[in-house]
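J.: Prediction below, plus the sequence it came from.
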Amino acid sequence: MELTLKTEWEMEALGERIAWALPGGGFVALYGDLGAGKTVLCRGAGKALGLDHLSSPTFTIVQEYPTVPPLFHFDAYRLADEDELYAMGFEDYLDRGGLILMEWADRVPLALPRERLDIEIVGSGADHRTVRLTPHGTSYEGLVKAL
């Protein structure tokens, strides 16, 4: 599925809709250049789960939020490889059953679960964004159809 989003509000609203469509949690891998809107989309997902504020975890790698389901917001930008991600306990996050949003997922492709939603965002600055949603697994196929 491909969408064209014209405003930051639309990107945030997409994040909200994705979180609502994954009430028990799931895995969303985000791809896009700096300024594409990955964190804005995550902010929308957090808003759907009741958060007032969500910030980029660039320096901490992961931010945990005590929502229902729990939200784990990863930023893999500073990771050298998958080994670094696993060393910080990534498998434990996968086992905890929350919503995992991972920015810069292209940095750790071998760590991504087989079933997930890939979101590629193209564009930055004042430009419109092209958003490509690629489901991996039947539950994510249903989510994309519902959107």
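T.: Received it, and whenever you're ready, just let me know what you need.
J.: how near is the residue most central in space within the chain to residue 125?
T.: The centre of the chain sits closest to residue 101, judged by C-alpha atoms, centre = their mean, with a distance of 3.1 Å. Distance, residue 101 to residue 125, using C-beta to C-beta, to the nearest Å: 22 Å. (Glycine included, C-beta is placed from N, CA and C.)
J.: Would you map the helices across the protein?
T.: For the chain, helices defined by DSSP state H occupy the ranges 8-21, 38-48, 82-87, 90-95, 138-146.
J.: Which elements pack onto the last one?
T.: Okay, so that is helix 138-146. When contacts are defined as 3 or more C-beta pairs under 8 Å, 6 or more residues apart in numbering; DSSP states H and E, helix 138-146 sits against helix 8-21, strand 26-32, strand 116-122, strand 129-136.
J.: how about the ones you listed, which one is nearest residue 81?
T.: strand 26-32 (15.9 Å; C-beta to C-beta).
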